[in-house]
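**Q** sequence first, predicted coordinates after that:
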Amino acid sequence: MAKTETTVKKYKCQCCGEVRAVYGAGRKKKFCPLCGDDRRMMDQVRYHGRYQTTFCCSRCGRETEMRSKRQIYCPACGAEIAKEFDEMDHSEDQNSIAAVNAKAREMGLSYGKYVARYMQ
């Protein structure tokens with residue numbers, strides 16, 4: 001039987017820069033075992049939505065800890081925006097629809113027919 005030779009390939013870790021050897025042909029390594037484990041753990045945490053990082057608030061620019069993936073405001077600005085939204089007068093839209101509906105009923109029409117005829 002012929003003796004097989006193992007191929008030794010050296011690679012440099014893209015994270016820490018340490019040079020390591022890989023036994024076996026065709027292996028494409030980018031990270032050393034320690035950095036690879038850290039990277040896999042961070043990918044799993046990021047995938048499952050428990051990744052904690054910091055970001056800059058898009059309103060005030062303050063750096064704060066991210067609590068969800070879609071968060072764009074810091075907690076203080078988020079509370080201010082929610083308060084402003086609650087204080088807005090939302091009855092204006094409902095009153096205008098109600099007023100148009102009342103006019104339509106006075107004329108003996110449905111809301112849709114009234115809007116199609118007179119609101120173009």
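**A** Okay, I see it.

**Q** which parts of the protein are strands?
**A** Counting by DSSP state E, the segments of the chain that form strands are 8-12, 19-23, 54-56, 63-65.

**Q** how far away from the center of its chain is the last one?
**A** Using C-alpha atoms, centre = their mean, to the nearest Å, we find the averaged C-alpha position of strand 63-65 to lie 15 Å away from the chain's own average C-alpha position.

**Q** now that strand: buried residues?
**A** residue 64 (16 or more other C-beta atoms under 10 Å). C-beta: built from backbone N, CA, C; applies to glycine.

**Q** for it, what is the average pLDDT?
**A** Mean per-residue pLDDT for strand 63-65: 86.

**Q** ok, it: who's next to it in the sheet?
**A** Strand 63-65 sits in its sheet next to strand 54-56 (antiparallel), going by DSSP bridges.

**Q** hmm, who's touching the strand it pairs with?
**A** For strand 54-56, the external contacting residues (C-beta atoms under 8 Å, 6 or more residues apart in numbering) are 62, 63, 64, 65, 66, 71, 72.
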